[in-house]
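S.K.: sequence first, then the predicted structure, then my questions.
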Amino acid sequence: MARFRTGARRIGGALAVPFRALRDRWRGWSWWRRTLLVLVLAAAVPATALGSVFVTIRLHYTGEPPAEARTRGRDALWLGHAWVDGRKTETDVAGLVHQLAGTGIRDLYVHTGPLEHDGTLPPAVHPRARWFADTVHRELPGVRVQSWLGDEVKPEKDAMDLEDAPTRDRVTASARQVLDLGFDGVHFDMEPIRPGSAGWLALLDQVRPVTAARGAKLSVAAPQIDPVPGLHTAGILLTDHGKWWDGAYFAATARRVDQVAVMTYDTSMPTAPLYGGYVAQQTELALQATPADVDLLIGLPFYWDDKWGHWGDAETVPAAVRGVRLGLGREDPRRANFGVALYVDFASTPGNWADYRSGWVDVR
C-alpha cells in the first residue's frame, strides 16, 4: 500500500508540472493581458454556442425532399391595399386571374384595414371592398377572399391594446363589418404580439364564433417559433422586441383558428442554405404545433430587401420552397391541410412566380 501511495504521488507530481507552469506564466502577465484573455474566452463561449445553432440549421437543408411534398391547392397570396381603395380596376383583376391560373392559390388576403388603435375600421379606407370581393367570386370561382385586418399592438408599440375588453369588442365588430361586405374570412395580422398575451387568445375566442356562424374562415399571420428554446424570452430582454413565439403559444393560437400563416421571412439568415434550413426547421416546428384539421401555411418572401434583418441574396423563393419541402417531407409528408403563402403581390417579380411554380406547383 505504501508503494502504491508513493507511485500515486509521483504521478500526481508529474501531472502538476504543466499546471504550475501555466500558473507561473499567468502570474507573470500584466493586468491588461490577463483581462484580454478573459474577455476572449468569455466571447468564445457564446460564439461557439451560436456556431452550433447555425450548424444545426444548415443541416436542416440537407437531403432531398419527397415528390409528394408539393402544393395541395391550399396556398395563399397577400394582396395590398390598392385592390380595395379604388386604384385597381377590372383590367387589374383580369391580370390577377391570368397570374393565378394553374397555381395552388386558394386564399387571397386583401389588406382592408388598417384598424384604428381603438379597434374600429373606418369604411372610408376600403371604398371598393365589396366590388373586389364580388369580382373575385365571379372571375375566380373557388378562390376565397379574406379581409386582412391588422395594427401594431401594445406593450411594444403605443397602439392597440388587446388586453382591453372594449377594444376587443370593437375589433369583433370590425370583423362583422367586413363579412357583411362579402368576404369569405377574416385574416388578422397583429404585430408584435408577445407570447403569453391573454388578450390575443381572448380575441380569437371572441371572433371565431362570428366567422363560424357566417360559414367564413378565421385566419392569422403568426410569428416564427423559437429555433432555440427560450429565445423569445432572451430576445425581449435584450432588444425589447417580440420576434418569436414559443411552441406552446403558437399551438394555443392555432387551436383557435381555421388557418395560420407563418411569416417565415425577415430572418437575418446570411446565406441561402442557412435561410432554407431555417425555413425547413420552422416548417417542422409549426407542423408539430398545428392541429391536423387547421390549415398551416408557410410564408415565402415575394419581395426584395437587403438589410440586417433580410438579406436579399439569402431569402430567396427557391431556398424557401426547398426548405418547406424538406421540412414537410421529414415531419408529415401526407398532411393535407398545408400550403405556402406568398408575401406580397405588389412587390413580387416574374422570377418569384416562376420559382414558386417550378419549385412547388409543377414539381417533377
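M.R.: Yep, that arrived. Numbers count the residues shown, from 1 in each chain.
S.K.: make it CA atoms for all contacts and neighbour counts henceforth
M.R.: Noted.
S.K.: quick one: the helices in the stretch 101-250 of the chain, in order.
M.R.: 129-139, 165-179, 198-213, 231-239, 247-254 (DSSP state H, counting those that start in this stretch).
S.K.: again with the stretch 251-364 of the chain
M.R.: With DSSP H, counting those that start in this stretch as the criterion, the stretch 251-364 of the chain has helices spanning 272-289, 317-331, 350-356.
S.K.: just the CA coordinates of the second one, formatted as CSV?
M.R.: Yep, that's helix 317-331 we're talking about. This file holds the C-alpha atoms of helix 317-331, laid out as CSV (Å, rounded to 0.1, in the frame of the first residue of the first chain):
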residue,chain,number,x,y,z
VAL,A,317,-38.0,31.8,-53.1
PRO,A,318,-36.0,28.7,-54.3
ALA,A,319,-34.3,28.4,-50.8
ALA,A,320,-37.7,28.9,-49.0
VAL,A,321,-39.5,26.4,-51.2
ARG,A,322,-36.8,23.8,-50.8
GLY,A,323,-36.8,24.3,-47.1
VAL,A,324,-40.6,23.9,-46.9
ARG,A,325,-40.5,20.7,-48.9
LEU,A,326,-37.7,19.3,-46.8
GLY,A,327,-39.5,20.2,-43.5
LEU,A,328,-42.8,18.8,-44.8
GLY,A,329,-41.1,15.6,-46.0
ARG,A,330,-39.5,15.0,-42.7
GLU,A,331,-42.4,15.8,-40.4
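S.K.: now for it, which elements pack on it?
M.R.: Counting contacts by 3 or more CA pairs under 8 Å, 6 or more residues apart in numbering; DSSP states H and E, helix 317-331 is packed against helix 272-289, strand 295-301, helix 350-356.
S.K.: what are the contacting residues of the first one?
M.R.: Spelled out, it's helix 272-289. 54, 57-62, 224-225, 227, 247-248, 250-251, 254, 264, 267, 269, 296, 298, 313-316, 319-328, 330-332 (CA atoms under 8 Å, 6 or more residues apart in numbering).
S.K.: just the buried subset of these, written out for ChimeraX, thanks.
M.R.: Listed next is the ChimeraX selection for buried residues among the contacts of helix 272-289, using 16 or more other CA atoms under 10 Å:
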select :57,58,59,60,61,224,225,227,247,250,251,254,264,267,269,296,298,314,315,316,319,320,321,322,323,324,325,326,327,328,330,331,332
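S.K.: just to revisit the earlier point, can you list the helices of the stretch 251-364 of the chain in CSV and add distance to Gly196?
M.R.: What follows is the helices of the stretch 251-364 of the chain, written out as CSV (distance: least, CA to CA, whole Å):
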stretch, distance to Gly196
helix 272-289, 16
helix 317-331, 26
helix 350-356, 35
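S.K.: which stretches of the stretch 201-350 of the chain have low pLDDT?
M.R.: For the stretch 201-350 of the chain, applying pLDDT under 70 flags the ranges 232, 235-241.
S.K.: repeat that with 80
M.R.: Scanning the stretch 201-350 of the chain for pLDDT under 80 picks out 230-242.
S.K.: the helices and strands packed on helix 317-331 into JSON lines, with extra columns for distance to Asp164?
M.R.: Below are these laid out as JSON lines (distance: least, CA to CA, whole Å):
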{"stretch": "helix 272-289", "distance to Asp164": "27"}
{"stretch": "strand 295-301", "distance to Asp164": "29"}
{"stretch": "helix 350-356", "distance to Asp164": "41"}
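S.K.: so which of these comes closest to Thr135?
M.R.: Distance to Thr135, taken as CA to CA, is lowest for helix 350-356 among the helices and strands packed on helix 317-331, at 22.9 Å.
S.K.: give the buried residues for the closest one.
M.R.: Those would be 352-353, 355-356, for helix 350-356 by 16+ other CA under 10 Å.
S.K.: report all helices and strands that it contacts.
M.R.: Taking 3+ CA pairs under 8 Å, 6+ apart as the contact cut, helix 350-356 packs with helix 317-331.
S.K.: ok now the helix it packs on, how far from the chain's centre?
M.R.: The chain centre lies 14 Å from the centre of helix 317-331; the measure is CA atoms, centre = their mean, to the nearest Å.
S.K.: other residues contacting it?
M.R.: For helix 317-331, using CA under 8 Å, 6+ apart, the contacting residues are 60-61, 63-66, 68-70, 272-273, 275-284, 287-288, 298, 300-302, 352, 355-356, 359-360.
S.K.: counting neighbours, which of the residues you listed end up buried?
M.R.: 60-61, 65, 69-70, 272-273, 275-284, 287, 298, 300-302, 352, 355-356, 359-360.
S.K.: neighbours around the nearest residue to Trp131 once chain neighbours are set aside, how many?
M.R.: Nearest residue to Trp131 in three dimensions, chain neighbours excluded: Val84, at 7.9 Å (CA to CA, 6 or more residues apart in numbering). Burial of Val84 is recorded as 23 neighbouring residues (other CA atoms under 10 Å).
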